[in-house]
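> Provide a 3D model corresponding to the input given below.
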Amino acid sequence: MIYTVTFNPSLDYVVTMDKLNLGNINRAETETIYPGGKGINVALVLGNLGIPAKMLGFIAGFTGQEIEHLSRLYGGNCDFIKLDTGYSRINTKISADTETAVNGQGPSIPSEKLQRLMQQIDELHAGDILVLAGSIPADIPDDMYEQILQRLETRSIRTVVDATGELLRNVLKYKPFLIKPNQDELGEIFQVTLTTDEEIIYYAQRLQTEGAKNVLVSLGSKGALLIGENGTIYRQASPPGRLVNSVGAGDSMVAGFIAGYLHNGNVEEALRLGVCTGSASAFKNWLATKHDVSQVLLTL
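Just a heads-up that it's a prediction; the model follows:
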């Protein structure tokens, strides 16, 4: 079974307009509400690809109820922990001449609820996959991802971590199966600007020497690079298509990679499916379906 953890889910209020005029009243041309959060996105795309995944995390208030309702509506298997106070956040995504986002803060998570999450994680079995994706709220320990991976260290559970900065780097000693920084995030870890494949490969390999088994670096419209567990370097270009919405594309890449790997354990095939799944989501208003991914695969 695959489990995803989203510490700070959201309702994503997505609006489109021709141009965003700051300081003035703007009227949306279209508006949609989706369940948001990187772990939720990964789980929903896996479900779209026919692979069951269970969503873990925290929800609060009427916004949390709607996150769970919409997640189930889109086929998600939810086991969220309900908080007694506060509200799950609302993130506003504006697609105009440029993409703009305003993200809410989210509720406080008390220690007893964190312990309930740890109990859920303790119930995982050998052979399961756990995906930790996204940031963590400011009021919980900043080593939370480390605490989780430490609990799983000897239990034959593969872990996938999609996070940034020290949150990602500090878990490498627990040898996650897969990490997925994007090009900018990889540069930020080492405080450098990366422009060439050679530079990206060098720093991705440094993360691998620190413990990561597979390092998947998303390159936006240029596709992705993978440093495989055996040290082999793979490069996959993006398929042709028009960017509609970049939100969830990276999460879709993670889901596609997991789906491809589970098919036959071939990381090169997993990379190809990951890039196509991420692109399929980027080419539409929201997350890709299996049909969307199949159509994109035909263009390679």
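> give me the three-state assignment for Glu31.
When classified by DSSP: H, G, I helix; E, B strand; the rest coil, Glu31 comes out as strand.
> state the distance from it to Thr92.
Note on Glu31: its distance to Thr92, by CB to CB, to the nearest Å, is 10 Å. Every C-beta, even on glycine, is put in place using the N, C-alpha and C of the backbone.
> between those two, which contacts overlap?
Listed contacts common to Glu31 and Thr92 are 13, 15; contacts here mean CB atoms under 8 Å, 6 or more residues apart in numbering.
> between those two, which is the more surrounded one?
In this view Glu31 and Thr92 are compared by other CB atoms under 10 Å, and Thr92 has more residues nearby, 15 against 10.
> which strand residues bridge the more buried one?
Legend: beta-bridge partners of Thr92 under DSSP bridges are Tyr13, Val102.
> poorly predicted segments of the stretch 101-250 of the chain, please.
For the stretch 101-250 of the chain, no stretch has pLDDT under 70.
> any chance you could map the helices in it?
Using DSSP state H, counting those that start in this stretch, the helices of the stretch 101-250 of the chain run over 111-122, 144-152, 165-169, 183-190, 197-209, 249-264.
> name the helices or strands packed onto the first one?
Packed against helix 111-122 by the contact rule (3 or more CB pairs under 8 Å, 6 or more residues apart in numbering; DSSP states H and E) you find strand 2-6, strand 53-60, strand 81-83, helix 144-152.
> dump these into TSV; add distance to Asn230 and mean neighbour count as well.
Output for the helices and strands packed on helix 111-122, formatted as TSV (distance: least, CB to CB, whole Å; neighbours: other CB atoms under 10 Å):
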stretch	distance to Asn230	mean neighbour count
strand 2-6	23	25
strand 53-60	27	25
strand 81-83	38	16
helix 144-152	22	18
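> mind putting these in JSON lines, distance to Thr159 included?
Shown next, in JSON lines, are the helices and strands packed on helix 111-122 (distance: least, CB to CB, whole Å):
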{"stretch": "strand 2-6", "distance to Thr159": "10"}
{"stretch": "strand 53-60", "distance to Thr159": "13"}
{"stretch": "strand 81-83", "distance to Thr159": "20"}
{"stretch": "helix 144-152", "distance to Thr159": "6"}
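> tell me which of those lies nearest to Ala204.
Comparing the helices and strands packed on helix 111-122 by their distance to Ala204 (CB to CB), the top pick is helix 144-152, with 19.4 Å.
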